[in-house]
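S.K.: make a model of this:
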Amino acid sequence: MRSIANSDIIHTERLMLRKFTLADEGFIIELLNTEGWIKYIGDRKVKTAEDARQYLENGPLKSYRDNVFGLRLVLLKSNNRSIGMCGLLRREYLDHLDLGFAFLPNYTGYGYAFEIASRVIHLAFNQLRQEKILAIVLPENHSSVRLLTKIGFKYDHNFLSADTNEELSLYCMTAGN
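M.R.: Residues are numbered from 1 along each chain as shown. Below is the predicted model:
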């Protein structure tokens, strides 16, 4: 099996995870303008195709070039529908890789985030040889907190984000736990 960094498509029972391309601009506009994204991640001011291309170039595509990993597009195997994103991020203010995920509202509550995030974590520990994976979340984002604890993350502490100056909760998971 090829590593998470080099694999074009990662499969689970119901989902596929692939690298973003500039052709995914329409999905990026849709996802980044959902109520949940704006409330819990923040308004990235992505309203046009050009905005979406800039987001992709400066976010996931840059991460692939710099780190060989990053956020990827989550698709349903049954119909190839784009439903979310999930992947690993390297943030300057964190000591370890960070799990990131977001899904369209119509695709929450079906276990998709658990399924794909669990797979990404497994690959991070087993193929990228990470000893610890982090996740950050707004304390009031109860659905993401529930997902993180279900996957096996443990609450560590709250801190002020270097990016937004918001209070965030830090969760961590160590290899073998």
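S.K.: from now on I want contacts and neighbour counts done on CA atoms only, so please keep to that.
M.R.: Will do.
S.K.: off-centre distance for the helix or strand hosting residue 75?
M.R.: Assigned by DSSP states H and E, residue 75 belongs to strand 71-76. In terms of C-alpha atoms, centre = their mean, to the nearest Å, the centre of strand 71-76 is found 9 Å from the chain centre.
S.K.: give me the contacts around that strand.
M.R.: 14-20, 60, 81-89, 100-101, 116 (C-alpha atoms under 8 Å, 6 or more residues apart in numbering).
S.K.: just the buried residues from those residues, in PyMOL please.
M.R.: A single PyMOL command suffices to select whichever of the contacts of strand 71-76 are buried according to 16 or more other C-alpha atoms under 10 Å:
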select buried, resi 15+16+17+18+19+20+60+82+83+84+85+86+87+88+89+100+101+116
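S.K.: by contact count, what packs against the longest helix along the chain?
M.R.: As assigned by DSSP state H, the longest helix anywhere in the chain is helix 112-126. In this structure, helix 112-126 packs against strand 15-19, strand 82-89, strand 98-103, strand 132-137, helix 142-151, with contacts taken as 3 or more C-alpha pairs under 8 Å, 6 or more residues apart in numbering; DSSP states H and E.
S.K.: could I get the ones you listed as TSV with distance to residue 120 and mean pLDDT?
M.R.: Compiled in TSV, the helices and strands packed on helix 112-126 are given as follows (distance: least, C-alpha to C-alpha, whole Å; pLDDT from 0 to 100):
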stretch	distance to residue 120	mean pLDDT
strand 15-19	9	97
strand 82-89	7	98
strand 98-103	8	98
strand 132-137	10	98
helix 142-151	11	97
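S.K.: would you reformat the ones you listed as JSON lines and include distance to residue 27?
M.R.: Converted to JSON lines, the helices and strands packed on helix 112-126 look like this (distance: least, C-alpha to C-alpha, whole Å):
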{"stretch": "strand 15-19", "distance to residue 27": "13"}
{"stretch": "strand 82-89", "distance to residue 27": "7"}
{"stretch": "strand 98-103", "distance to residue 27": "11"}
{"stretch": "strand 132-137", "distance to residue 27": "23"}
{"stretch": "helix 142-151", "distance to residue 27": "21"}
